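In: Give me coordinates for this.
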Amino acid sequence: MVSIQMANSKTWKTCVGAMVNLIEEAAFKLTSEGIKMKAMDPSHVALVNFELSSSAFVKYDVKQPKVLGVNLAEMNKIMARAKAEDELTIELDEEKNRLALTFKGASTRRFSLPLIDVGEEELPEPKLQFTAAADVAAGVIQDGLKDAEIVGDNVRFELSEEGFFLFAESERGTTELKLHKGDQGLLKLNVKQPASAMFNIKYLSDMTRAAGGSDVITVNLGADLPIQLDFSIAEGKGRLRFLLAPRIEAK
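Out: As a prediction, this is how the structure comes out:
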């Protein structure tokens with residue numbers, strides 16, 4: 001039996017919305033401790049790692065471990081119909097092999113979603129030797145990415161002892177965003193060795209979509225390594241982590 005309930009639908013709605021543009025299908029693993037999901041995008045340049053503790057739910061009834069395979073695009077269509085304040089209940093109908101999603105607000109609305117077979121590919125966490133990290137206000141990164149989109153498809157992330165920087169350059173022009181120590185948007189900076197790499201803007205925009213402007217994103221960076229973006233969800237009771245491979249620049 002699976003029956004879980006959240007006080008509002010905002011967390012699930014925003015997380016599904018952030019993941020759906022990166023991965024098509026998801027295998028959510030439910031245990032007594034909570035929900036986990038890890039998957040790579042079809043082009044194998046981005047990794048999504050989602051964790052949500054059972055304590056994030058007002059009701060969490062999972063009798064035995066279950067893997068629920070879903071089409072994220074179809075789930076996102078359903079979640080788009082939820083209001084942020086709607087109470088969300090997700091239940092498994094084993095006989096019909098479907099998930100029932102119920103939104104309770106001014107009215108009670110119920111949807112069902114067929115489960116699908118998703119190949120359970122074991123994806124070990126990459127062991128990356130990051131040399132720099134920063135806690136940055138999500139709104140600052142989102143603004144920097146929107147600026148960079150004006151001139152190109154890629155953006156360079158840099159972390160140094162001076163601060164956090166975003167640069168984009170193309171035939172259409174240049175943009176730059178600078179955050180120095182002491183600036184309001186840079187909450188924490190830890191640099192063992194300066195790091196820099198270039199990444200695709202669209203992927204980064206999709207990844208940061210789940211964050212509110214005042215949320216904090218932890219950026220981990222190494223020289224020409226994948227970038228790791230972490231932010232907490234459900235008031236610290238969950239985590240959404242993204243890894244994105246760097247763009248290879250022509251020498």
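
In: which regions of the stretch 151-251 of the chain sit below the pLDDT cut-off?
Out: 249-251 (pLDDT under 70).

In: Which parts of it are strands?
Out: 154-160, 163-170, 173-180, 186-191, 195-200, 216-221, 227-233, 238-244 (DSSP state E, counting those that start in this stretch).

In: Please identify which of those is closest to residue 85.
Out: Ranking those by their distance to residue 85 (criterion: CB to CB) puts strand 227-233 first, at 16.8 Å. Backbone N, C-alpha and C define where each C-beta goes, glycine included.

In: strand partners of that closest one, parallel vs antiparallel please.
Out: strand 216-221 (antiparallel), strand 238-244 (antiparallel) (DSSP bridges).

In: quick one on the thing from earlier: now for the strands of the stretch 151-251 of the chain, which one comes closest to residue 10?
Out: strand 227-233 (9.6 Å).

In: Give me the contacts around the closest one.
Out: 11, 14-15, 52, 56, 128, 130, 138, 157, 197, 199, 204, 207-208, 210-211, 215-221, 238-244, 246 (CB atoms under 8 Å, 6 or more residues apart in numbering).

In: Mind jotting down where the strands sit in the stretch 1-150 of the chain?
Out: Applying DSSP E, counting those that start in this stretch to the stretch 1-150 of the chain gives strands spanning 2-6, 25-31, 34-40, 46-53, 59-62, 66-71, 87-93, 98-104, 108-114, 132-137.

In: what would those strands look like in a markdown table with mean neighbour count?
Out: Output for the strands of the stretch 1-150 of the chain, formatted as a markdown table (neighbours: other CB atoms under 10 Å):
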| stretch | mean neighbour count |
| --- | --- |
| strand 2-6 | 18 |
| strand 25-31 | 18 |
| strand 34-40 | 20 |
| strand 46-53 | 21 |
| strand 59-62 | 16 |
| strand 66-71 | 17 |
| strand 87-93 | 18 |
| strand 98-104 | 18 |
| strand 108-114 | 14 |
| strand 132-137 | 21 |
